[in-house]
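Student: this one's sequence-less:
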């Protein structure tokens, strides 16, 4: 016998086979008001008398960030863990049949039999939960702490993570079943935990602007820039006819024909995953000298087109986590997430993470040459025809179908911008216009 006597370990009781069978395909994407149906199968190994078989449809936001710290070069590495456990909703029911009379005892489920229990749940459109007081600043506009529309299924990881190791931020939905039965459960230390299993489901909110796909953009954002072009080419000469000496004279002479023009991009602010969108490039003459007789064709070329996605994440310091890499809780090493109603830490510590990633987009056409049309002159001094002052080109691109909708939730927010680099060539000289356009709404994949 020693000085210390350890408590006897609990023996793991035989666990029944507990499974969730969804009637919908595993890749089905649910929308608000859709119904999730299926059944639970229970196959005992020994006779059991469960109190309840609780089935629930749930949604939750989970974050685990980890930072490393060293007091000095000789000290060990400490790890701080920043976690957030934010339930979005949960609806549940006990699918075990209730005794018809109070005098009847609970049903005994025998081994060698497989019992099935159907279920169905309807997806809500939003969360009714509030997270006031759970974060450092309730008023930070990058996130919200009040009830809001449900965000889509979402996973954001560091590099190629799978959300089993930090750093990750995810929004997940699923069906969960829990068997509440005396003497049956999973051994964790000296405790017997209810047997639980989960089946994930995919969710995306409805498009709030479905007419965008059929009727074009609801609104556009305009990005103009003014340029000046001066050259003898504006008198009708061909670029091949202008030598080096003439080009230098054109550059510094005050008599060189000159045109001031505006190039502009008009970008839609509402997009949809998997859908095409159109944007416009335009050219407009602001002023020109009297010596300008002809403006050569305008060459528009999309030099770069990128979809930028921005992910904002916040998580309070998990005060119960150890300073080791695994970050297990000191109070219970089997728990990795703080309880949903954990108050914000007394030290007011919170970690914010921001990432920006880009996806290159192709567009059609990638370039186009436009000649200014001949139009009637309205100048009394000039009779006949003259060149028009404006021209434009429309380009079409497609948002990848795997792009999640934008959303703002308790601790995770996704936003988008479209970055365009446009080349406008006049008389052999290229002018560059760049714009980074805000996307007000990125809709989900059209049904």
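Tutor: Cool, the structure landed. This is a predicted model, so every value here is computed, not measured. Numbers count the residues shown, from 1 in each chain.
Student: and the residue lying closest to residue 415 once chain neighbours are set aside, what helix or strand is that in?
Tutor: Spatial nearest neighbour of residue 415, excluding adjacent residues (CB to CB, 6 or more residues apart in numbering): residue 310 at 4.7 Å. All C-beta spots, glycine's among them, are computed from the backbone N, C-alpha and C. Residue 310 is part of strand 298-316 when elements are defined by DSSP states H and E.
Student: for residue 118, see how far away residue 409 is.
Tutor: Distance, residue 409 to residue 118, by CB to CB, to the nearest Å: 32 Å.
Student: same question, residue 395
Tutor: Note on residue 395: its distance to residue 118, by CB to CB, is 52 Å.
Student: more neighbours: the two, which one.
Tutor: In this comparison of residue 395 against residue 118, neighbours counted by other CB atoms under 10 Å, the higher total goes to residue 395 at 21 against 12.
Student: residues in contact with that one?
Tutor: Contacts of residue 395 were listed using CB atoms under 8 Å, 6 or more residues apart in numbering, and they are 278, 279, 280, 281, 302, 363, 364, 365, 366.
Student: still on that earlier bit, quick one: contacts of the following helix or strand past the strand holding residue 310?
Tutor: Of the helices and strands lying after strand 298-316 in sequence (DSSP H and E), the nearest is strand 350-360. Contacting residues not belonging to strand 350-360 are listed as 65, 67, 80, 82, 135-136, 156, 167, 169, 304-317, 344, 400, 403, 419 [CB under 8 Å, 6+ apart].
Student: direction included, what does strand 350-360 pair against?
Tutor: Strand pairing for strand 350-360, using DSSP bridges, gives strand 298-316 (antiparallel).
Student: looking only at pLDDT, what's the mean for the partner strand?
Tutor: Strand 298-316 comes out with an average pLDDT of 96.
Student: what comes up buried for that strand?
Tutor: By 16 or more other CB atoms under 10 Å, the buried positions in strand 298-316 come out as 298-302, 305, 307-309, 311-316.
Student: go on, stretch 325-344?
Tutor: Buried residues in stretch 325-344 (16+ other CB under 10 Å): 327, 328, 329, 336, 337, 338, 342, 344.
Student: show me how far the one helix or strand residue 421 maps to is from its chain's centre.
Tutor: Here residue 421, judged by DSSP H and E, is contained in strand 412-426. Its chain's C-alpha centre and that of strand 412-426 lie 17 Å apart, by CA atoms, centre = their mean, to the nearest Å.
Student: quick one, that strand and strand 298-316 angle?
Tutor: Between strand 412-426 and strand 298-316, the angle formed by their directions is 160 degrees, by axes from the mean of the first three to the mean of the last three CA atoms, to 10 degrees.
Student: which elements pack onto strand 412-426?
Tutor: Counting contacts by 3 or more CB pairs under 8 Å, 6 or more residues apart in numbering; DSSP states H and E, the secondary-structure elements packed against strand 412-426 are strand 154-157, strand 258-268, strand 276-288, strand 298-316, strand 429-439.
Student: got the domain ranges for the protein?
Tutor: 17-206, 211-313+345-443 (automatic domain parsing).
Student: go through the ones you listed and name the closest to residue 322.
Tutor: Closest approach to residue 322 among these is made by domain 17-206 (8.1 Å; CB to CB).
Student: how long is the closest one from one end to the other?
Tutor: Domain 17-206 has its terminal residues 37 Å apart, counting by CA to CA, to the nearest Å.
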